[in-house]
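Colleague: Below is the sequence, then the predicted model.
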Amino acid sequence: MSKYRTAQGKLVDMSALQAKNERTRAVGNMKVNARGDTIDSNGKIIVPVTTKVNSIYSKTVGNKSANKLREQIHVDAPIAQNVLNETLTVSERELEDALEDDIAVEKIKSMDVKK
């Protein structure tokens, strides 16, 4: 951020103002300070903002155990797949085949990343 000039001509350094007040309780009902840390009624930090960001990021990107579980389910699925293919139309079968190709490509990519 930079310095801003008010209507009365005074300079306000927004980054300095933010840094000065980052531990101050934010206005509202979320129980956070200006940084985003979860705080208690005394202002002590319960959950830092970095922990919250890391947990959200790991849920969306780095959940490798869930990906392994999905792969195991897909490996066990061929028996059910034969029953499913009998009830699908031609265009639906083509979409399923394309999905299987995409999954195979993703497995190859993941093997390259592991190496």
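Modeller: Yep, that arrived.

Colleague: Okay, domains of this protein per the record?
Modeller: Following automatic domain parsing, the chain resolves into domains at 3-56, 63-114.

Colleague: Confidence-wise, which of these is weakest overall?
Modeller: Among the domains of the chain, domain 63-114 carries the lowest mean pLDDT, at a mean of 63.

Colleague: any chance of the domains of the chain in CSV, with mean neighbour count too?
Modeller: All C-beta atoms are positioned from the backbone trio N, CA, C, and that covers glycine. Shown next, in CSV, are the domains of the chain (neighbours: other CB atoms under 10 Å):
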stretch, mean neighbour count
domain 3-56, 12
domain 63-114, 10
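
Colleague: ok, which stretches of the protein are strands?
Modeller: Applying DSSP state E to the chain gives strands spanning 3-5, 11-13, 38-39, 45-47.

Colleague: Tell me how far the shortest one lies from the chain's centre.
Modeller: Put plainly, it is strand 38-39. Centroid displacement of strand 38-39 relative to its chain, using CA atoms, centre = their mean, to the nearest Å, is 21 Å.

Colleague: Tell me which residues touch Val32, please.
Modeller: Arg25, Ala26, Thr38, Ile39 (CB atoms under 8 Å, 6 or more residues apart in numbering).

Colleague: Pick the one among the residues you listed closest to Tyr4.
Modeller: Closest to Tyr4 out of the contacts of Val32 is Ala26 (20.9 Å), distances taken as CB to CB.

Colleague: Pull up the gap between that closest one and Ala34, please.
Modeller: For Ala26, the distance to Ala34 equals 5 Å [CB to CB, to the nearest Å].

Colleague: With Ala16 instead?
Modeller: 13 Å.

Colleague: go on, Ser55?
Modeller: 21 Å.

Colleague: Check Glu106 too.
Modeller: Separation of Glu106 from Ala34 (CB to CB): 41 Å.

Colleague: before we move on, what about Val105?
Modeller: Val105 is 45 Å from Ala34, by CB to CB.

Colleague: Equivalent analysis for Asp97, please.
Modeller: Using CB to CB, Asp97 is found at 53 Å from Ala34.
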